[in-house]
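Peer 1: only geometry, no sequence info:
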């Protein structure tokens, strides 16, 4: 997730948020991970619109990111809810959290941005308008694709990602939606499991694994498991020592290639 937020100095005057360092860390985590634009997500098996100041996360994800005990994360979230700092709805996979005063916290930023936009030249405004129209079209396409693929188990993919890797982004949803058109969702979940086992919890690593499986013609979970085992065996297998005859043949080929390059 890119961009920045405003963190007001008055935050330190809030006795709830500053109860201890863990409370403050969780609060800042929520502020940093709330969405700044509306987009569609899956929650409790239904498609909903995630609005500004909201995020989908889980106490396990927060615990792993901040290195705070999971039970304490639960207590902190409950306290923030009781003190009307947040609202939350829980499912068996994740929870939808709303920052109650999000507009208040970020209102100045929006006003500053509007002032900058008003001072731009007509040509700059036209360029930005064109970009915004393009982005809106792209967002609509993403939402349509997600809606068409939800029935094929994409919810399980999203839930596993958020429970074990982190807050899922619209880009990641789009990536997984594209892969779901080519392979079963349990294969995608298995690729994420391999990323967790390797302790490389990035979308790039998952994409690399899925691309390798696609190139190998993997279509089922069993084939993915077999391909993963082959990769593991090849990685562990010691390199065969080159014989003298093989060394001579290799050197001859290298010299022949060098001679051809000089022609």
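Peer 2: That came through fine. Being a predicted model, the structure only gives us computed values, none of them experimental.
Peer 1: and stretch 197-211, how far apart are its ends?
Peer 2: 18 Å (Cα to Cα, to the nearest Å).
Peer 1: give me the contact list for that stretch.
Peer 2: By Cβ atoms under 8 Å, 6 or more residues apart in numbering, the residues outside stretch 197-211 that reach it are 164-166, 171-172, 175, 179, 183, 187-188, 191-192, 194-195. Using the backbone N, CA and C atoms, a C-beta is placed for each residue, glycine as well.
Peer 1: can you rerun that using 10 Å?
Peer 2: If you take Cβ atoms under 10 Å, 6 or more residues apart in numbering as the criterion, stretch 197-211 is touched by 64, 161, 164-166, 168-169, 171-172, 175-176, 178-179, 182-183, 187-188, 190-196, 218, 224, 227-228, 231.
Peer 1: and for stretch 223-239?
Peer 2: 183-184, 186-191, 193-194, 197, 209-210, 212-213, 215-218, 220.
Peer 1: which helix or strand lies directly C-terminal to the helix or strand of the chain with the lowest mean pLDDT?
Peer 2: Taking mean pLDDT, DSSP states H and E as the measure, the helix or strand of the chain with the lowest value is helix 122-149, at a mean of 43. As assigned by DSSP states H and E, the chain's next helix or strand after helix 122-149 is helix 154-164.
Peer 1: check which helices and strands that following helix sits against.
Peer 2: strand 39-43, strand 54-57, helix 59-66, helix 122-149, helix 170-180, helix 185-197 (3 or more Cβ pairs under 10 Å, 6 or more residues apart in numbering; DSSP states H and E).
Peer 1: list the buried residues for the fifth one?
Peer 2: Looking back up the chat, that one is helix 170-180. Within helix 170-180, the residues scored as buried using 16 or more other Cβ atoms under 10 Å are 170, 172-177, 179-180.
Peer 1: one step back: quick check on the contacts of stretch 223-239: which are buried?
Peer 2: The buried subset of the contacts of stretch 223-239 - by 16+ other Cβ under 10 Å - is 183-184, 187-191, 194, 209-210, 213, 218.
Peer 1: next one, pLDDT for the nearest residue to residue 170 once chain neighbours are set aside please.
Peer 2: The spatially closest residue to residue 170, leaving aside those adjacent along the chain, is residue 39, at 5.1 Å (Cβ to Cβ, 6 or more residues apart in numbering). Residue 39 carries a pLDDT value of 81.
Peer 1: residue 39 against residue 172, yeah?
Peer 2: No. Using Cβ atoms under 10 Å, residue 39 is not in contact with residue 172; the gap is 11.9 Å.
Peer 1: which residues touch residue 57?
Peer 2: Counting by Cβ under 10 Å, 6+ apart, residue 57 has contacts 29-30, 33-34, 65, 77, 88, 94-97, 162-163, 166-168.
Peer 1: I'd like to know how far it sits from residue 88.
Peer 2: 10 Å (Cβ to Cβ, to the nearest Å).
Peer 1: go on, residue 15?
Peer 2: 21 Å.
Peer 1: pick out whichever of those two has more residues nearby.
Peer 2: The residue with more neighbours, out of residue 15 and residue 88, is residue 88; 13 against 9, by other Cβ atoms under 10 Å.
Peer 1: mind listing the residues bridging to the more buried one?
Peer 2: residue 97 (DSSP bridges).
Peer 1: on the pLDDT front, check it for me.
Peer 2: 94.
Peer 1: and residue 229, by the same measure?
Peer 2: pLDDT, residue 229: 88.
Peer 1: and the helix or strand that contains it, what's buried?
Peer 2: When elements are assigned from DSSP H and E, residue 229 belongs to helix 221-236. Neighbour counts over helix 221-236 (16+ other Cβ under 10 Å) mark 221, 224, 227-228 as buried.
Peer 1: just these now: which is nearest residue 250?
Peer 2: residue 227 (29.8 Å; Cβ to Cβ).
Peer 1: what about the closest one, distance to residue 39?
Peer 2: Residue 227 is 33 Å from residue 39, by Cβ to Cβ.
Peer 1: residue 212 too?
Peer 2: For residue 212 relative to residue 39 (Cβ to Cβ), the value is 30 Å.
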